[in-house]
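K.L.:
sharing a sequence plus its predicted fold:
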2 protein chains.
Amino acid sequence: MPAIKDVARRAGVSVATVSRVLNDHPSVRPDTRERVLAAVADLGYRPNAVARSLRTDQTRTLGLVISDVLNPFFTELARSVEDAARELDYSVIIGNADERPELQDHHVRTLMDRRIDGLLVSPTDGGSPMMLAAARAGTPMVFVDRWIEGEGLDAVPVIRTDGRSAIRDLVDHLCALGHRRLAIIAGPAATTTGRERVDAFRSALREFGLALSEDHIGQGDFQADSGRRVTARFLDLPRPPDAIFAADNLMALGAMDEIRARGLRVPDDVALAAFDDIPWFVHTDPPITAVAQPTGALGHASVRALIDLVEGRPAESVTLSARLVTRRSCGEPEGSTP
Amino acid sequence: MPAIKDVARRAGVSVATVSRVLNDHPSVRPDTRERVLAAVADLGYRPNAVARSLRTDQTRTLGLVISDVLNPFFTELARSVEDAARELDYSVIIGNADERPELQDHHVRTLMDRRIDGLLVSPTDGGSPMMLAAARAGTPMVFVDRWIEGEGLDAVPVIRTDGRSAIRDLVDHLCALGHRRLAIIAGPAATTTGRERVDAFRSALREFGLALSEDHIGQGDFQADSGRRVTARFLDLPRPPDAIFAADNLMALGAMDEIRARGLRVPDDVALAAFDDIPWFVHTDPPITAVAQPTGALGHASVRALIDLVEGRPAESVTLSARLVTRRSCGEPEGSTP
DNA sequence: CCTCCTTGTGGAATCGATTACATGGGATTG
DNA sequence: CAATCCCATGTAATCGATTCCACAAGGAGG
């Protein structure tokens, strides 16, 4: 693999001149530039990004730590982040935390070791030492979807979706269809999205004159299995709920598993709805009503904010809104978007 | 962010000694080692991976270029690759080609610029100049799932799944259920998996005394839309097929879209099966029969082969086998695995 | 007691780029 | 015509690590 000095030798110039051509510095004579470019082409030379990063102290790389790659919401997010970054000539390194704090820390550490220019995180848990360290070290950082609180973390912009109004619409929809005993499979209390969705659900119920009793709140962990366990508990209740809202799509999958395993039917025996819309919801039996996040916009806004920070501009938090997509899983023949 | 010389100063030793401690070189006096370690802890020092890579000429990083992150098969593959790599102390940088050759080349180029130690590719297309260049440059390289041919590429190990016998089982299953007019939504002819699945399907049909007529082979591109288009063409035929086999899960999704849009029913009007099994297939209406690849094993085997190459050991191609998972989409009440 | 070897440590070169500073020659200007 | 400036280029320092080589001190062996 040729280095810059090989190019210099072949073009009969110094390495400084080659570097100037490559970074198109103005003061290089046109014919010299030609010679250098020719040498570059002949040798198939590509600048060593490692060496360049060491010298310039920037890697043009963003780190993205997500909670779970297998969750379609996050893969879609990752994809839109990569797209947005590529457009601005940045690369993205993805770390999958699998909803495990220690894995999240592992990735933050590796990314910092690699001296990435900025960190985009959808945090898994409250107390991440590495994240605090990163913030303290002055690494540009942006939270996406979820966020955590902590010393030095209050200045970190948060790019997120506000689901309150869509959740209110969902409760409205459920009530209109005659459901009265609503339950929720919550996400981990350590995550903001976990708490927030429960709060929004509770407020919406109150607005419709309903209460959310403790045994209608199940603790899940955003994984399918937990959705299944919580649903089992719900259905074992003396008066089981007649509608279940899962705080993410994987737990909805688990809920469906359990409902079906008991020979019950959606929506006749129990209605089902989920936070996060994914392509497969159109094809489940029945199609699932969901609160849809504007994933693409979320990814783009995060990258914009992070790169603003990286390049020394101020960045602000952004809150987008979710919307309800009505399908058959709550009882109506067919709602808005099919 | 402290550098090695800060640690050296604080511990009252030279940078050479610090480096020796960090790479646990034997000849360092125990008390010196203690002092250095204490300084490291005090400063929260972490070695700069960029500088280290420049010097040692290795990054302990693998590049993984996949055809489409949104395809659950590939995210699962990516995840297992990352798991396997992490266990061996390697990181993985994922590039998503989105089934677009130019994006694939972009990623291969960026990864090479970063001087990754090895490249794991599931190639999108036949003629990738960068991939040939990478192979020629001597970068350790392994193909996973798909492969391409070309000058200097014949030595590249291929880690893949052989679907022939599972596809034969599928055809057997379809025939047993009375289907006779079988059609296939093929992948791009430029990909090996595209061609191979058609071949296997054709051979299996022949074995059961059936022919695969040209108008029962639809050209897809592994994306949902193409599955829909091809299915439309099938259903417009004077004598439409009574069973459709999609060569990947996204095209199966598209096929379902189209079938449902026409008010037809699976499996009564037309049976459906797919290559690649994914969790959602259990919950579609009806649950979809699929050929399942051992994705985790595929990822692990790829990493093992690639790291063998990276560390100078010889590596061999591996072929695993797929198996049929029977569900209701072809007509049976309920087969083996639900 | 002198020589030789071992052990622990420091100095300095090195990896491949970028960039501040130096330099020489030609053009501009008073 | 001399002084000045600018343009094009080269020399060398630098980024943060690793590692070869040199060297000093101490122990072993004759």
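P.N.:
Ah, there it is.

K.L.:
roughly how far apart are the closest residue to A:D42 other than its chain neighbours and A:I4?
P.N.:
Among residues not flanking A:D42 along the chain, A:R10 sits closest, at 6.7 Å (CB to CB, 6 or more residues apart in numbering or on different chains). From N, CA and C alone the C-beta is placed, and that goes for glycine too. From A:R10 across to A:I4, the span is 11 Å (CB to CB, to the nearest Å).

K.L.:
ditto for A:V158
P.N.:
42 Å.

K.L.:
do you know how far the residue of chain A found nearest chain B is from B:A290?
P.N.:
Residue nearest to chain B within chain A: A:D285 (3.0 Å; CB to the nearest CB). Going from A:D285 to B:A290 by CB to CB gives 16 Å.

K.L.:
ok, these two, which is more surrounded?
P.N.:
Set A:D285 next to B:A290 and count neighbours by other CB atoms under 10 Å in any protein chain shown: B:A290 wins out with 29 against 16.

K.L.:
what about the stretch 1-150 of chain A, any weak spots by pLDDT?
P.N.:
Filtered on pLDDT under 70, the stretch 1-150 of chain A yields the residue ranges A:126-127.

K.L.:
residue contacts, the nearest residue to A:A224 once chain neighbours are set aside?
P.N.:
Nearest in space to A:A224, with sequence neighbours left out and distances taken as CB to CB, 6+ apart, is A:G254 at 3.9 Å. Contacts for A:G254 (CB atoms under 8 Å, 6 or more residues apart in numbering or on different chains) come out as A:G220, A:Q223, A:A224, A:D225, A:S226, A:G227, A:R228, A:R229, A:V230, A:T231, A:A246.

K.L.:
skip the chain neighbours and tell me the closest residue to A:P241.
P.N.:
Spatial nearest neighbour of A:P241, chain neighbours left out: A:A183 (3.7 Å); criterion: CB to CB, 6+ apart.

K.L.:
backbone phi and psi for A:Q223, please?
P.N.:
Backbone torsions of A:Q223, given as degrees, to the nearest 10, read phi -110, psi 150.

K.L.:
sorry, wrong one. I was asking about A:F245.
P.N.:
Backbone torsions of A:F245, given as degrees, to the nearest 10, read phi -110, psi 120.

K.L.:
relative to A:I185, how far out is it?
P.N.:
Shown here: A:F245 relative to A:I185, a distance of 7 Å by CB to CB.

K.L.:
and what of A:L22?
P.N.:
A:L22 sits 55 Å away from A:I185, taking CB to CB as the criterion.

K.L.:
these two: which is more packed in?
P.N.:
A:I185 (31 against 16).

K.L.:
wait, that one sits on A:G227?
P.N.:
Yes: judged on CB atoms under 8 Å, A:I185 makes contact with A:G227 at a distance of 5.4 Å.

K.L.:
what sits in contact with each of the two?
P.N.:
A:G220, A:A246, A:M251, A:A252, A:A255.

K.L.:
residues from the stretch 51-200 of chain A in reach of DNA strand C?
P.N.:
Contacts of the stretch 51-200 of chain A with DNA strand C, taken as CB under 7 Å from any atom of the strand, map to A:A51, A:R52, A:L54, A:R55, A:T56.

K.L.:
residues near the fourth one, how many?
P.N.:
A:R55 is flanked by 10 other residues according to other CB under 10 Å.

K.L.:
how about it, phi and psi?
P.N.:
Dihedral angles of A:R55 (phi, psi; degrees, to the nearest 10) stand at phi -70, psi -50.

K.L.:
the closest residue to DNA strand C within the stretch 201-338 of chain A: how many residues sit nearby?
P.N.:
The stretch 201-338 of chain A approaches DNA strand C most closely through A:E311 (14.6 Å), counting by CB to the nearest atom of the strand. Residues near A:E311, counting by other CB under 10 Å, number 13.

K.L.:
please apply the same query to A:P47.
P.N.:
16.

K.L.:
please apply the same query to A:R260.
P.N.:
A:R260 has 16 neighbouring residues, counting by other CB under 10 Å.

K.L.:
contact partners for it?
P.N.:
For A:R260, the contact set (CB under 8 Å, 6+ apart) comprises B:H283.

K.L.:
any idea how far it lies from A:L272?
P.N.:
Separation of A:R260 from A:L272 (CB to CB): 11 Å.

K.L.:
which residues of the stretch 201-338 of chain A fall in strands?
P.N.:
A:217-219, A:243-246, A:271-275, A:289-292, A:318-321, A:323-325 (DSSP state E, counting those that start in this stretch).

K.L.:
quick check: buried residues in stretch A:290-301?
P.N.:
Of the residues in stretch A:290-301, those buried under the neighbour-count criterion (16 or more other CB atoms under 10 Å in any protein chain shown) are A:A290, A:V291, A:A292, A:Q293, A:T295, A:L298, A:G299, A:H300, A:A301.

K.L.:
for the residues you listed, give me TSV that also has pLDDT.
P.N.:
Shown next, in TSV, are the buried residues of stretch A:290-301 (pLDDT from 0 to 100):
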residue	pLDDT
A:A290	97
A:V291	98
A:A292	98
A:Q293	97
A:T295	97
A:L298	98
A:G299	98
A:H300	98
A:A301	98
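
K.L.:
will you turn those residues into JSON lines that also has distance to DNA strand C?
P.N.:
Converted to JSON lines, these look like this (distance: CB to the nearest atom of the strand, whole Å):
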{"residue": "A:A290", "distance to DNA strand C": "48"}
{"residue": "A:V291", "distance to DNA strand C": "47"}
{"residue": "A:A292", "distance to DNA strand C": "44"}
{"residue": "A:Q293", "distance to DNA strand C": "40"}
{"residue": "A:T295", "distance to DNA strand C": "35"}
{"residue": "A:L298", "distance to DNA strand C": "33"}
{"residue": "A:G299", "distance to DNA strand C": "29"}
{"residue": "A:H300", "distance to DNA strand C": "28"}
{"residue": "A:A301", "distance to DNA strand C": "30"}
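
K.L.:
quick check, nearest of these to A:D162?
P.N.:
Using CB to CB, A:Q293 is the member of those that lies nearest A:D162, at 9.8 Å.

K.L.:
distance of the closest one from B:S19?
P.N.:
Distance of A:Q293 to B:S19, computed by CB to CB: 48 Å.

K.L.:
next one: A:A85
P.N.:
34 Å.

K.L.:
what's the most buried one of the strands of the stretch 201-338 of chain A?
P.N.:
Among the strands of the stretch 201-338 of chain A, the stretch with the highest mean neighbour count (mean count of other CB atoms under 10 Å in any protein chain shown) is strand A:243-246, at a mean of 31.

K.L.:
wait, A:R114 sits on A:T61?
P.N.:
Yes: between A:R114 and A:T61 there is a contact under CB under 8 Å: 7.2 Å.
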